[in-house]
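K.L.:
okay, predicted coordinates and the sequence, questions at the end:
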Amino acid sequence: MGFPGTWMTESESVVYRVVPKCACSTIGQIMYYSDHGEFFEGDIHDAQGGMHKWALEASQGPITRNVKAHKSYSFTCVRNPYTRILSSFFDKICGIQRNGKRYRGNLVPTLIYKYGIEVGGEDGKQEFDQIASFRRFLLFARDTIRWRRPMDPDIHWSAMSGHISTFICNGGRYDKIFWTESFNDGMQEVLDNIETPHKVRLDKIPRFNESEGHGPKRLHPVEDYFDDLSKHLVYEIYKRDFDLFKYDFENPGNKMPIDEIDLDEVHAKLGE
């Protein structure tokens, strides 16, 4: 299985397990900058060099050796499950992607046909009932995760604990898991624990939100999208995420965590 979704600086200063929709573009650019003193031109997910990525065959040996020996500081970043699934809906389902097309080809037409969702027309810019469509999308997301139909779950809405566990199950150990919601504090702690060829000043780093502007703007507060049924579906999908990363299931309007992450608990429960 190896270490899918794992990135490492060429200098091997730090190892990062990517979790989609959790500031991964910004984190990747910080890692790139820390080695090269400049940002990658374009979306860091498209970079085919300048950083080790598990998806690049030549990187798999160096990543495996490093992670199994725990030679470098290893970390990942998580996000409130309510805001993460909402972001996935507006970006991946309603939005037009970088290539000018809909995400995953026939995915959106399938959703419109089978689940009755709306996405704001051909260009994603027309008005539609965001709340009703999102709740129908939630049913679809649950179906993909619970029964793998009408398709396998997508990385952007599959549980964070699933992404994070592969690193542990194959012999890795995290030194830090921090929250997107207090990004600067968490990322600074990572930087304080590593030596990089180029110094990173977080206050000078822009946010690389590659999904911003893809889809329609969210018109309502987060909590308006989640009625009792929606909350039940979210808990069914993301129970481990709420429990391990200490988010508030009861109140979708509270995006902040309610307790500290216990790394030993995460390793024990996700390493089973």
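P.N.:
Received the coordinates, thanks. Being a predicted model, the structure only gives us computed values, none of them experimental.
K.L.:
in stretch 141-157, what's buried?
P.N.:
By neighbour count on 16 or more other Cβ atoms under 10 Å, the buried set for stretch 141-157 is 141-145, 153-154, 156-157. Where you see a C-beta, it was placed from the backbone N, CA and C, and this is true even at glycine.
K.L.:
tabulate the residues you listed (JSON lines), appending pLDDT, distance to Leu229 and secondary structure.
P.N.:
Conversion of the buried residues of stretch 141-157 to JSON lines gives the following (pLDDT from 0 to 100; distance: Cβ to Cβ, whole Å; DSSP: H, G, I helix; E, B strand; the rest coil):
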{"residue": "Ala141", "pLDDT": "96", "distance to Leu229": "13", "secondary structure": "helix"}
{"residue": "Arg142", "pLDDT": "95", "distance to Leu229": "11", "secondary structure": "helix"}
{"residue": "Asp143", "pLDDT": "95", "distance to Leu229": "14", "secondary structure": "helix"}
{"residue": "Thr144", "pLDDT": "94", "distance to Leu229": "18", "secondary structure": "helix"}
{"residue": "Ile145", "pLDDT": "92", "distance to Leu229": "16", "secondary structure": "helix"}
{"residue": "Pro153", "pLDDT": "91", "distance to Leu229": "20", "secondary structure": "coil"}
{"residue": "Asp154", "pLDDT": "95", "distance to Leu229": "22", "secondary structure": "coil"}
{"residue": "His156", "pLDDT": "95", "distance to Leu229": "22", "secondary structure": "coil"}
{"residue": "Trp157", "pLDDT": "95", "distance to Leu229": "17", "secondary structure": "coil"}
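K.L.:
among those, which pair sits farthest apart?
P.N.:
Greatest spacing in these, by Cβ to Cβ: Asp143 and His156 (15.6 Å).
K.L.:
name the residues that touch stretch 115-132?
P.N.:
Outside of stretch 115-132, the residues that reach it under the criterion Cβ atoms under 8 Å, 6 or more residues apart in numbering are 93-96, 108, 111-112, 133, 136-137, 139-140, 214-216, 218-220, 224-225.
K.L.:
and that stretch, how far from the chain's centre?
P.N.:
With Cα atoms, centre = their mean, to the nearest Å as the basis, stretch 115-132 stands 24 Å off its chain's centre.
K.L.:
avg pLDDT for that stretch?
P.N.:
Here stretch 115-132 scores 88 as its mean pLDDT.
K.L.:
that older thread, out of the contacts of stretch 115-132, which end up buried?
P.N.:
Buried residues within these, defined by neighbour count using 16+ other Cβ under 10 Å: 93-96, 108, 111, 133, 136-137, 139-140, 214-216, 218, 225.
K.L.:
what's the most distant pair in the residues you listed?
P.N.:
Distances among the buried ones among the contacts of stretch 115-132 were taken as Cβ to Cβ; the most separated pair is Ile96 and Leu139, at 23.5 Å.
K.L.:
quick revisit: in helices, which of the contacts of stretch 115-132 fall?
P.N.:
108, 111-112, 133, 136-137, 139-140 (DSSP state H).
K.L.:
strands along this protein, start to end?
P.N.:
Using DSSP state E, the strands of the chain run over 6-9, 14-17, 51-53, 73-78, 176-179.
K.L.:
show me what the last one is packed up against.
P.N.:
Which is strand 176-179. In terms of contacts (3 or more Cβ pairs under 8 Å, 6 or more residues apart in numbering; DSSP states H and E), strand 176-179 is packed against strand 73-78, helix 183-192, helix 263-270.
K.L.:
now with 6 Å?
P.N.:
strand 73-78 (3 or more Cβ pairs under 6 Å, 6 or more residues apart in numbering; DSSP states H and E).
K.L.:
chain center to the strand it packs on: distance?
P.N.:
How far strand 73-78 lies from its chain's middle: 12 Å, per Cα atoms, centre = their mean.
K.L.:
so what are the sheet partners of it and their directions?
P.N.:
Here the strand partners of strand 73-78, with direction, are listed using DSSP bridges: strand 14-17 (parallel), strand 176-179 (parallel).
K.L.:
tell me which of the ones you listed is the most buried.
P.N.:
Most buried of those, by mean neighbour count (mean count of other Cβ atoms under 10 Å): strand 14-17, with a mean of 26.
K.L.:
may I have that strand as CSV, with CA atoms only?
P.N.:
Taking only C-alpha atoms (Å, rounded to 0.1, in the frame of the first residue of the first chain), the coordinates of strand 14-17 have been written out as CSV:
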residue,chain,number,x,y,z
VAL,A,14,9.4,17.6,6.8
VAL,A,15,6.8,15.0,5.7
TYR,A,16,3.1,15.9,5.2
ARG,A,17,0.1,13.6,4.7
